[in-house]
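1. Below is the sequence, then the predicted model.
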Amino acid sequence: MNRTGLARRGLLIGAALAPFPPPRASAQGIAAPVPQGGGLAAMTARANAGTVGIVSGGVDGTYIRIAADLAAVLDDGDRLRVLPMIGRGSVQNIADIMFVRGVDIGIVQSDALAYVRARRLLPGVDQMIQYIAKLYDEEVHLLARAEIGSVQELAGRPVNVDVAGSGTSMTASLIFDALGVAPRLVNDPQDVALDRLRRGEIAALVYVAGKPARLFSGIPAESGLHFLRLPMTPALIETYLPAGLGHEAYPGLVPEGAPVETLAVGAVMAVYAWAPGTERFRKVAGFVQVFRDRFERFLRPPRHPKWREVNLEAQVPGWVRFDPAREAPPSYRR
């Protein structure tokens, strides 16, 4: 492991992240030839040489399905192996990219970086987090019991917004604040929340996910549940996009010909800003190249339909794009 590289990264993180656990120093290092032969050390080196970890979302969300698609399309033996991981939401995913060994990439909501910055949750985030691509837009699902007719009626009532620190929790708080509605927020996992909603223990749940979200699949028309309209307002239009939830995605919840107005937020493939010339930079750069080379494969079944919304050249305001072609500074060159 290269001591110069470790020292440079240690100085940056030591100054900025004193309250946080030490970052993944052991993952840092200069790219080196992979040992050949059949010994245990050589086998270990080959197994890790092309491995990239991607933290995504919960089992019922779109992120984990997108990460699974990445593994299915991009895996290429020892040269590139993608390991999808279940995550705990956008804010936690950013923290995991910064601090957890083996996590290089994460799928997060586009408003997460501004949220972390504004609340100063993760010092140093601007230097450590970049993005590979904007993926697609995710719809905000606000599912309520039949007696709730509008978002304003949720004031003072229990509304689940997923676990604390999740992207849904973050976005829900921003939207409710902008609409001037103050529900009593609950932080159960989404599958637990759906059961509680059916039993009448909560009034509604919010879930940010690309449609169709598996959580709502199979809910029958006689369930007594429905999606609430989320109107676009001047306070929301700067951050979110207008969207709709239709019968084709949710036949049991949305009548044919009567789509429900809602909002959408972008999903971003975030990445740790590894220094050029290091082993982890090389791995991520290799991932980006193969991702671009094979992108057309994501547009065909059985891949998630959200891939057809992806524009690889789209910019993400407030984010810096990861550049695989960056030159390594002299102290990092082999």
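-> That came in fine, so what should we check first?

2. any idea how far the helix or strand where His141 lies is from the chain center?
-> Using DSSP states H and E, His141 sits within strand 129-145. Put simply, strand 129-145 sits 8 Å off its chain's centre (CA atoms, centre = their mean, to the nearest Å).

3. again, but for stretch 255-264
-> In this view, stretch 255-264 has its centroid 24 Å away from the chain centroid, taken as CA atoms, centre = their mean.

4. Just the C-alpha atoms of that stretch, please, in CSV.
-> Extracted as CSV, the C-alpha positions of stretch 255-264 are listed here (Å, rounded to 0.1, in the frame of the first residue of the first chain):
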residue,chain,number,x,y,z
PRO,A,255,-58.7,4.0,-12.0
GLU,A,256,-58.2,3.8,-15.8
GLY,A,257,-58.1,7.2,-17.4
ALA,A,258,-57.7,9.0,-14.0
PRO,A,259,-53.9,9.4,-13.3
VAL,A,260,-52.9,10.9,-9.9
GLU,A,261,-50.8,14.0,-10.0
THR,A,262,-47.6,13.8,-8.1
LEU,A,263,-43.9,14.9,-7.9
ALA,A,264,-40.7,13.3,-9.0
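
5. pLDDT below threshold where in the stretch 1-150 of the chain?
-> Within the stretch 1-150 of the chain, the ranges that satisfy pLDDT under 70 run 1-38.

6. Let me see the ranges of the helices in the stretch 1-150 of the chain.
-> 3-16, 40-49, 62-74, 90-99, 112-119, 125-128 (DSSP state H, counting those that start in this stretch).

7. ok so, going back, ok and the strand holding His141 relative to helix 112-119, angle-wise?
-> With axes from the mean of the first three to the mean of the last three CA atoms, to 10 degrees defining the directions, strand 129-145 sits at 90 degrees from helix 112-119.

8. Tell me the helix or strand right after strand 129-145.
-> Proceeding N to C from strand 129-145, the next assigned helix or strand is strand 158-160, under DSSP H and E.

9. Contacts for that next one, please.
-> The contact list for strand 158-160, computed with CB atoms under 8 Å, 6 or more residues apart in numbering, reads 172, 183-188, 190, 193, 196-197, 201-206. Glycine gets a C-beta too; all of them are placed from N, C-alpha and C.

10. repeat that for 10 Å
-> By CB atoms under 10 Å, 6 or more residues apart in numbering, the residues outside strand 158-160 that reach it are 142-144, 148, 151, 168-169, 172, 176, 181, 183-190, 192-194, 196-197, 201-207.

11. picking that back up, now the angle between helix 90-99 and the strand holding His141, please.
-> 160 degrees.

12. Report the angle between strand 129-145 and helix 62-74.
-> 130 degrees.

13. Show me which residues of strand 129-145 are buried.
-> Using 16 or more other CB atoms under 10 Å as the test for burial, strand 129-145 gives 129-145.

14. Could you pick out the buried ones from the contacts of strand 158-160?
-> 142-144, 148, 151, 168-169, 172, 176, 181, 183, 185-186, 188, 190, 193-194, 196-197, 202-207.

15. that older thread, most tightly surrounded among the helices of the stretch 1-150 of the chain?
-> Highest mean neighbour count of the helices of the stretch 1-150 of the chain: helix 90-99, a mean of 24 (counted as mean count of other CB atoms under 10 Å).

16. name the helices or strands packed onto it?
-> Packing partners of helix 90-99 (3 or more CB pairs under 10 Å, 6 or more residues apart in numbering; DSSP states H and E): strand 51-55, strand 105-109, helix 112-119, helix 125-128, strand 129-145, helix 167-179, strand 260-272.

17. want to try JSON lines for these, with distance to Ala71 as columns?
-> JSON lines is the format used below for the helices and strands packed on helix 90-99 (distance: least, CB to CB, whole Å):
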{"stretch": "strand 51-55", "distance to Ala71": "8"}
{"stretch": "strand 105-109", "distance to Ala71": "12"}
{"stretch": "helix 112-119", "distance to Ala71": "23"}
{"stretch": "helix 125-128", "distance to Ala71": "24"}
{"stretch": "strand 129-145", "distance to Ala71": "15"}
{"stretch": "helix 167-179", "distance to Ala71": "21"}
{"stretch": "strand 260-272", "distance to Ala71": "14"}
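
18. Can you tell me which of the ones you listed is nearest to Ala45?
-> Nearest of the helices and strands packed on helix 90-99 to Ala45, taken as CB to CB: strand 51-55 at 10.9 Å.

19. Please compute how far that closest one lies from its chain's middle.
-> Put simply, strand 51-55 sits 13 Å off its chain's centre (CA atoms, centre = their mean).

20. neighbouring strands for that strand, and are they parallel or not?
-> If you go by DSSP bridges, strand 51-55 pairs up with strand 81-85 (parallel), strand 105-109 (parallel).

21. Which among the helices of the stretch 1-150 of the chain is found nearest to Arg321?
-> With respect to Arg321, and counting by CB to CB, the nearest of the helices of the stretch 1-150 of the chain is helix 112-119 at 12.8 Å.

22. So Ser150 sits against His226, correct?
-> No - in this structure Ser150 lies outside contact range of His226 using CB atoms under 10 Å: 11.4 Å.

23. so what sits against both of those two?
-> With CB under 10 Å, 6+ apart, Ser150 and His226 have common neighbours Ala144.
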